[in-house]
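>>> pasting a predicted model and its sequence here:
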Amino acid sequence: MVKRLMYLLLLFLVISLPVHAQDDTPSFEPGRCPFILPTGLTIDCGTVRVPADHRNPDNGELVSLQVAIIHSRSENPQPDPVVLLVGGPGGSALEYPDNTFRPNYYAFLENRDFILFDQRGVGRSEPSLDCPNFLFALYEIAGEQRPVEDYKQAESQALLTCRRQLVENGANLDLYNTTNNAADLEAIRQALGYEQWNLFGVSYGSKLALTVMRDYPNGIRSVILDSAYPLQVNLYLDFASLLGNAYRQLFDTCVAQQGCQTVYPDLETAFYELVDQFNREPARTIIPMQQGAEFTVYITGDMLVEGLFNLMYRKEVLPNIPQIIHALLNRDAQALSLIAQDYLDRPLGLSEAFYYSVQCAEEMQSASLDEALATGATLPQSLAGTFNRFTEDIFTLCAEWGVQPAPDRENQAVVSNIPALVLAGEFDPITPPVWGQMVSDDLANSHLYVFPGLGHGAVRSDTCPLQIALSFLDDPTGEPDSSCIATMPPMTFVVPETSFTLIPLSSEAYKLTSVIPDTWSEIRPGIYALSTASSTVLFQQSIPGGATAVRELLQQQMRLPGFPAGDGERAANGLTWTFYTLNTDTMTASLAITEQDGTGYLVMLLSPNAVTETYYNGVFLPVVDALRPAE
């Protein structure tokens, strides 16, 4: 965090100025990759300079777009690469490439190159529309208890300060829009010399892809629209229904599942009471910083509503949301920290000024504040308060942002016969399946698939949409193989198991004996869980080479910068186990490693933070005590 803050401080002190033209012909200028190259990948990086204003390319002003080409593993790759259009608007593909190029995306490299680029004003492209002061502002805002209305107002003032600094340094915010973004993408295609390529747009990236389909169709072989964002919808006129439907679906699903309803019978009422309570008196929590420092954060009900809404994006977190709400009711420090971190991390990887330049130009011209507020009339009172403050804030901010309204065509449906694959997650709170249907209806050669149990960003979340995407790329004119959807389990909310009956386990593959809960089964070799949809998973495995080999393999597979220090030992069955712990904002990995006769043994429990203690004592420790090498 300290390094990140210092980097942002430097950006804040030195704001990039526009680049001026040398040559109007788009060309790729090779250069060093502005990130650490992942192991095992061949990547070429460089820049493409394009007119700042594609309607007036002769004015001499350029923007520089950062591009990375991840080369296929094939010796004879297909000539049409996949290019990823990330969301936001304003999300960076190259500031955190490990986060952008998800593990599922590696499969695209079997037959094609995969191209990442930072959109104009975003990430590594220049000039940058980042607002580094906004990160500092959020820490300052959240670090002080204040009336709930003051939080949004303080955020807006920080954003308007950034806008003023950018404009004073020569930025023309009217040029940062989806139309110019689409023209940039066409220029990149020409500069890289591809006759055609395949667009892969996620969230706002799908809106950008639709715009390219409309404006530059000849360079497109096919399009994947993941979590589709139709041009004809107005986010701020639809947001009340998005917010209300997301929470309605969450609570109705809990009621429909016997386990969730039994354990959390009053979840909806308790949640809304908690929102109101936190808005009256923000909850104080402490989050750890680097080098042992701590930071105090005050969490409002608005932060709670927005934070849980954001968590619904994530497949791995979605089943745990009732547990997280229950933990928040008990003022659980980890649950409070999760909401606080969601609030504080909002600026990371996002160009805020690009976001508001696009949204204020393209969404506001077809809506008024009164119209937007009226859409929230049927929301539960606790959600309505959050919605009203959010809506008043965005309309007030856009009134001062000062960008020209986009032409009417930017709010009209795109009609096309380019082969398209439209993917939607059943629980996606922000780009719901109905939006995917809306887009698909206007694309003559499209296929729409909705995936059970998924949130936002289907391909990066699960292997089934990935398989369908790969099948589609093989033959965009045919219907892809979608049979895997029938095998996807429904999303089941996790409820804590309070007691466990352990039964003997004998693994011939790993030559060990141990125990597992009687309701669990082996879902993959050496991996055990209640079901394939369970977020709590137990590993019991052996690896040749001793404890060192186990640690090295885990460090490589988990992409750890270094293996953590041990935090305890335990002796059982003539073995001495060393314990380790790894934490994320939602999950804990509890590890025990030992060795005997040159073979390393691993017990690892992955569990949501809210239930780690129960499973640690009821499953992890008994397994460590029971495991022994097979005779």
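Looks like it came in fine.

>>> give me the distance between A374 and A367.
Separation of A374 from A367 (CB to CB, to the nearest Å) stands at 11 Å. From N, CA and C alone the C-beta is placed, and that goes for glycine too.

>>> looking at the two, which is more packed in?
Neighbour totals were compared for A374 and A367, and A367 leads with 19 against 12 (other CB atoms under 10 Å).

>>> so the more buried one sits against D238, correct?
No - using CB atoms under 8 Å as the test, A367 is too far from D238 to be in contact (9.8 Å).

>>> quick one: contacts for F35?
By CB atoms under 8 Å, 6 or more residues apart in numbering, the contact set of F35 is 94-95, 97.

>>> go again using 10 Å as the cut-off
43, 45, 66, 68, 94-98, 100, 116, 124 (CB atoms under 10 Å, 6 or more residues apart in numbering).

>>> L466 sits in which helix or strand?
For L466, the host element (DSSP states H and E) is helix 463-474.

>>> that helix - what's its average pLDDT?
If you average the pLDDT over helix 463-474, you get 97.

>>> go on, stretch 566-581?
Stretch 566-581 comes out at a mean pLDDT of 95.

>>> what's the burial count for N104?
The burial count for N104: 18, using other CB under 10 Å.

>>> so it makes contact with S461?
Yes - because the distance of 7.7 Å satisfies CB atoms under 10 Å, N104 is recorded as touching S461.

>>> all helices of the stretch 1-150 of the chain, in order?
2-13, 97-100, 132-142, 148-168 (DSSP state H, counting those that start in this stretch).

>>> can you put those in TSV and add mean pLDDT?
Conversion of the helices of the stretch 1-150 of the chain to TSV gives the following (pLDDT from 0 to 100):
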stretch	mean pLDDT
helix 2-13	35
helix 97-100	80
helix 132-142	91
helix 148-168	95
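
>>> closest to E595 out of the ones you listed?
Within the helices of the stretch 1-150 of the chain, the stretch nearest E595 is helix 97-100; the backing value is 30.9 Å (CB to CB).

>>> helices or strands up against the closest one?
strand 61-70 (3 or more CB pairs under 10 Å, 6 or more residues apart in numbering; DSSP states H and E).

>>> in terms of secondary structure, what does the strand it packs on contact?
Applying 3+ CB pairs under 10 Å, 6+ apart, one finds that strand 61-70 contacts strand 19-20, strand 28-31, strand 43-51, strand 82-85, helix 97-100, strand 114-117, helix 178-192.

>>> check which residues of the second one are buried.
Which is strand 28-31. F28 (16 or more other CB atoms under 10 Å).

>>> how far does it sit from its chain's centre?
29 Å (CA atoms, centre = their mean, to the nearest Å).

>>> mind checking how far N104 is from L606?
Distance from N104 to L606, by CB to CB: 19 Å.

>>> kindly apply the preceding question to Y580 instead.
In terms of CB to CB, Y580 sits 13 Å off from L606.

>>> give the residues shared as contacts by these two.
By the contact definition CB under 10 Å, 6+ apart, Y580 and L606 are jointly contacted by 589-591.

>>> how about the helices in the stretch 501-631 of the chain?
546-557, 612-615, 621-626.

>>> pLDDT weak spots in the chain?
1-24, 290-292, 531-535, 585-586 (pLDDT under 70).

>>> follow-up on the earlier one: can you put the helices of the stretch 501-631 of the chain in a markdown table and add distance to V450 and mean neighbour count?
Formatted as a markdown table, these follow (distance: least, CB to CB, whole Å; neighbours: other CB atoms under 10 Å):
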| stretch | distance to V450 | mean neighbour count |
| --- | --- | --- |
| helix 546-557 | 32 | 16 |
| helix 612-615 | 32 | 18 |
| helix 621-626 | 38 | 20 |
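
>>> out of the ones you listed, nearest to R524?
Across the helices of the stretch 501-631 of the chain, R524 has its closest neighbour in helix 546-557 (13.7 Å, CB to CB).

>>> can you list contacts of that closest one?
39, 539, 541-545, 560-564, 576-578, 580, 582, 589, 591, 593-602, 604.

>>> so can I have a markdown table of the helices of the stretch 501-631 of the chain showing distance to A158?
Converted to a markdown table, these look like this (distance: least, CB to CB, whole Å):
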| stretch | distance to A158 |
| --- | --- |
| helix 546-557 | 39 |
| helix 612-615 | 36 |
| helix 621-626 | 47 |
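
>>> to T300, which of the ones you listed lies closest?
Closest of these to T300 is helix 612-615, at 27.0 Å (criterion: CB to CB).

>>> how many neighbours does R164 have?
11.

>>> need the contact list for E352.
88, 90, 129-135, 155, 158-159, 162-163, 346.

>>> show me where the stretch 251-400 of the chain has strands.
According to DSSP state E, counting those that start in this stretch, the stretch 251-400 of the chain carries its strands in the segments 283-288, 294-299.

>>> domain parsing for this protein?
16-129+175-232+412-483, 235-344, 502-629 (automatic domain parsing).

>>> right, and A626 touches P504 too?
Yes - A626 is within contact range of P504, at 8.4 Å (criterion: CB under 10 Å).

>>> mutual contacts of the two, please.
Common contacts of A626 and P504 (CB under 10 Å, 6+ apart): 513-516.
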